[in-house]
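# Turn this into a structure:
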Amino acid sequence: MKNYSFRKRLYRILYLLFGVTLAGLIGYSAFFSYSMQQRTYKDVRQLLSLYNEETSKDLKSVDYYLMELKNYSTEVATTATLESINGHYSSILRISQMFEFNLRSFPSIKGMYAYFPKSNTWVGYSNTAESQKTFQPFLKNQFQNEEILGYIEDANGLKWIPYNYENKTYLVKTFMYDNSMIGAWTDLNALSSSLTSLDDMEAVIIFTDKEGNVISIESPSSVAKDMAANLAEQKDQLRLPLKKSLNGSSEITVDSKRYMVTTQELDYCDYYITAMIPMKIISQSVNTFWRYALLFMILILIVFGIVVYFFNKLVGGTMKMLTSMNNAIMSGDMDHRIDVTDERCDEVLEVATTYNSMVDHIQKLKLDVYEERIHKKNFQLFFLKSQVAPHFLINCLNMITYLADGTKENTAILRRMIETLSKHLRYTLSTSEHVPLSKELEYLDNYVELTKIRFPGCITYEKDIDEMAPSAEVFPLILIMFMENTFKFNLIMGEELIVKVSANVYLKNDEKRLHISHVDSGEGFSEEFLEQFNNDQYILITDKDGNHVGIKNVVSRLRLYYDESAVMKLSNEPGMGARIDLDIPYVEYQKQKDEKTTMKGIIS
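Take a look at the predicted model:
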């Protein structure tokens, strides 16, 4: 396996995190910009739709007034029959006063008029001097044109007819009755003045015909008047995407400037109204987002730098110590000791102290092999038990090395791992010959918890223990070795492994016995191995790779502790995997008063 630099790997992770964060910010910025544009389009479209409804409603009320004026005004009816207004100036005056009085009720209307062709009399009133002096004569002159009169007669109050006069577009509604024409007029600038809510967006309001030709360019916002003037100079070349902007957000570029266009068809005439909003206004929110995003990225870089600094300072030495422990154990160097003089981390101190204690015990064990031969049986028991601790510790240290990749999440898991491991080592390195089953189950749970840290979401652990079983006396690590064997051969990242442990006490020939079963959902035992085991050759069973050492260890300890009174059965559980059944005499655990923590205390 190729070696790697932990520091370089940490830096690569930081670069990757930074790259992912940057890509995420860019992606989110694009999404945010698109969302802002869509939201702006919906808001403007809703505003234009509301404007169309309200303006159409206001203009419809003008229609009702004009129709009532013809039907109920005696002055209009009388003047329409006259061939000359001589002597009837009072009727003309009253009609003008009616217009003046009622015009106040219609703020969107510039003026009202009545024209009597029979006497060629014009009566009108406007709320602006300009319209009073210039537009009324122009409109009266238009009514002399037979072609225009025919068009007005066809429309006859159904629509507002456009008139262009002195760079302004006026809309005129006319009702024709026998010998009179009654109507009102306004201009597109007055009709668009209600769109003041678009001021903040610097919007320009454009009226177009059905083909997209620009009729008028208005600016309800004083800020956008210069932009409206520039667009007005190019209105003959300006073409708006009416169909596209009616159905969704669209853009147009004029003089290298981008605009979002939103269009609404008008009900009161044959025109369309379009709001053009500079894209720079919409982009302001995105620019604000980027300012905060850059501050966030700078903060992330600072945090990463602090993490790297403290990690190198606090964890670097600890990792070196754990690596030296692992290398010493792997190489069989039992003279190696960990110097904890300058160590301040409680969990690391506990692991290092336990390791040094373990090495001392192993050294002591080597001496006792030669000095205490007369206690061969007790020595064999301890030796079989002591095989588990180094092997288990190696696995855990490898797991710690695996977790030490420098990420914040794994650093927290690493601390938890070290703390859990220190608790477990107290048990695995304990010198007790016997323990209650409750204690074995407690540290079995601890071992499963350790493994779950490395294989999150892969282990389902179930227990079924009756009320008498926890007080039964067993030798240490009996179940842990089964569990370790199961994890070694069946645990695969990303796949669920189910493990079920049960224990119960029952009577057999007036003798209490303890039955323990261990079932997993792995691949199970091979038929060759089961055949060998059932032929009573299990003590010598190991394959060429040294597998099944744990089972051999348990069988050997069973024989040393219980002779022939213990029964161990291996099989494959239908629908699951391997099944191990252990049947031993039930002995209630009694704590020994003379238990020692030294090797001599154990074999004495």
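
# Can you get me the centre-to-centre distance for the helix ranked longest in the chain and its chain?
Of all the elements of type helix in the chain, the one with the most residues (DSSP state H) is helix 6-72. Taking C-alpha atoms, centre = their mean, to the nearest Å, the mean C-alpha location of helix 6-72 is offset from the chain mean by 22 Å.

# Does anything pack onto it? Which helices or strands?
Helices and strands touching helix 6-72, by 3 or more C-beta pairs under 8 Å, 6 or more residues apart in numbering; DSSP states H and E, are helix 74-80, strand 168-177, strand 180-187, strand 257-265, strand 272-278, helix 279-314. Using the backbone N, CA and C atoms, a C-beta is placed for each residue, glycine as well.

# could I get these as JSON lines with mean pLDDT, mean neighbour count and distance to Val567?
Formatted as JSON lines, the helices and strands packed on helix 6-72 follow (pLDDT from 0 to 100; neighbours: other C-beta atoms under 10 Å; distance: least, C-beta to C-beta, whole Å):
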{"stretch": "helix 74-80", "mean pLDDT": "83", "mean neighbour count": "18", "distance to Val567": "121"}
{"stretch": "strand 168-177", "mean pLDDT": "88", "mean neighbour count": "20", "distance to Val567": "106"}
{"stretch": "strand 180-187", "mean pLDDT": "90", "mean neighbour count": "23", "distance to Val567": "106"}
{"stretch": "strand 257-265", "mean pLDDT": "87", "mean neighbour count": "20", "distance to Val567": "84"}
{"stretch": "strand 272-278", "mean pLDDT": "87", "mean neighbour count": "24", "distance to Val567": "87"}
{"stretch": "helix 279-314", "mean pLDDT": "75", "mean neighbour count": "13", "distance to Val567": "52"}
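
# For these, give me CSV that also has distance to Lys408.
Below are those laid out as CSV (distance: least, C-beta to C-beta, whole Å):
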stretch, distance to Lys408
helix 74-80, 86
strand 168-177, 66
strand 180-187, 67
strand 257-265, 43
strand 272-278, 44
helix 279-314, 7
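
# check contacts around Phe175.
63, 66-67, 70, 156-157, 181-183 (C-beta atoms under 8 Å, 6 or more residues apart in numbering).

# Spatially, which residue comes closest to it, not counting chain neighbours?
Distance criterion C-beta to C-beta, 6 or more residues apart in numbering; nearest residue to Phe175, sequence neighbours excluded, is Gly157 at 4.3 Å.

# What mean pLDDT does the helix or strand containing Ile362 get?
Assigned by DSSP states H and E, Ile362 falls within helix 346-371. Average pLDDT, helix 346-371: 70.

# Quick check: which element contains Phe207?
Residue-wise, Phe207 maps onto strand 204-208 under DSSP H and E.

# Now that strand - C-alpha only, CSV.
Provided in CSV are the C-alpha atoms of strand 204-208 (Å, rounded to 0.1, in the frame of the first residue of the first chain):
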residue,chain,number,x,y,z
VAL,A,204,-39.7,52.8,-18.8
ILE,A,205,-43.3,52.3,-20.0
ILE,A,206,-43.8,51.6,-23.7
PHE,A,207,-47.0,51.3,-25.6
THR,A,208,-47.0,49.3,-28.8
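
# Which secondary structure elements does it sit against?
helix 188-192, strand 214-218, helix 225-233, strand 272-278.

# Can you identify the element that follows the longest one toward the C-terminus?
It refers to helix 225-233. Counting by DSSP H and E, what follows helix 225-233 is helix 242-247.

# Which other helices and strands does that next one contact?
By 3+ C-beta pairs under 8 Å, 6+ apart, helix 242-247 packs against strand 257-265, strand 272-278.

# With only the CA atoms kept, save the last one in PDB.
Just to be clear, that refers to strand 272-278. Coordinates of the C-alpha atoms in strand 272-278 are reproduced here as PDB (Å, rounded to 0.1, in the frame of the first residue of the first chain):
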ATOM      1  CA  TYR A 272     -50.000  46.600 -25.500                       C
ATOM      2  CA  ILE A 273     -48.200  48.100 -22.500                       C
ATOM      3  CA  THR A 274     -44.600  47.000 -21.800                       C
ATOM      4  CA  ALA A 275     -42.400  47.700 -18.800                       C
ATOM      5  CA  MET A 276     -38.700  47.800 -19.600                       C
ATOM      6  CA  ILE A 277     -36.500  47.400 -16.400                       C
ATOM      7  CA  PRO A 278     -32.700  47.600 -16.500                       C
END
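
# what pLDDT does the residue nearest to Phe175 get?
pLDDT, Gly157: 75.

# So which bits of the lengthiest strand in the chain are buried?
Secondary structure of the chain per DSSP state E: the longest strand is strand 497-508. Residues of strand 497-508 classed as buried by neighbour count (16 or more other C-beta atoms under 10 Å): 497, 499-505.

# And the average pLDDT for the strand holding Phe207 is what?
86.

# tilt between it and strand 168-177?
For strand 204-208 against strand 168-177, the angle between stretch directions is 50 degrees (axes from the mean of the first three to the mean of the last three C-alpha atoms, to 10 degrees).

# any idea how far strand 204-208 is from the chain center?
On C-alpha atoms, centre = their mean, the centre of strand 204-208 falls 41 Å from that of its chain.

# Pull up the pairing partners for that strand, direction included.
As defined by DSSP bridges, the strand partners of strand 204-208 come to strand 214-218 (antiparallel), strand 272-278 (antiparallel).

# now those strands as TSV including distance to Tyr259?
Compiled in TSV, the strands paired with strand 204-208 are given as follows (distance: least, C-beta to C-beta, whole Å):
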stretch	distance to Tyr259
strand 214-218	12
strand 272-278	4
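
# before we move on, back to that, just the mean pLDDT for the longest helix of the chain, thanks.
82.

# sorry, back to before: for the contacts of Phe175, which two are the farthest from each other?
Farthest pair in these (C-beta to C-beta) is Asp63 and Met181. Separation: 14.4 Å.

# Outline the domain layout of the chain.
6-182, 191-283, 448-588 (automatic domain parsing).

# Tell me which of those is the most buried.
Using mean count of other C-beta atoms under 10 Å, the stretch among the domains of the chain with the greatest mean number of neighbours is domain 191-283 (a mean of 17).

# got the end-to-end distance for it?
29 Å (C-alpha to C-alpha, to the nearest Å).

# Centre of the chain to that domain, how far?
37 Å.

# ok so, going back, compute the inter-axis angle for the longest helix of the chain and strand 272-278.
150 degrees.

# Turn the domains of the chain into a markdown table, including distance to Leu301.
Below are these laid out as a markdown table (distance: least, C-beta to C-beta, whole Å):
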| stretch | distance to Leu301 |
| --- | --- |
| domain 6-182 | 7 |
| domain 191-283 | 26 |
| domain 448-588 | 29 |
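
# Confidence-wise, which of the ones you listed is weakest overall?
Minimum mean pLDDT among the domains of the chain: domain 191-283, a mean of 80.

# So which elements touch the helix or strand hosting Lys569?
For Lys569, the enclosing helix or strand under DSSP H and E is strand 567-572. Other elements packing on strand 567-572 under the criterion 3+ C-beta pairs under 8 Å, 6+ apart are helix 527-534, helix 549-562, strand 578-585.
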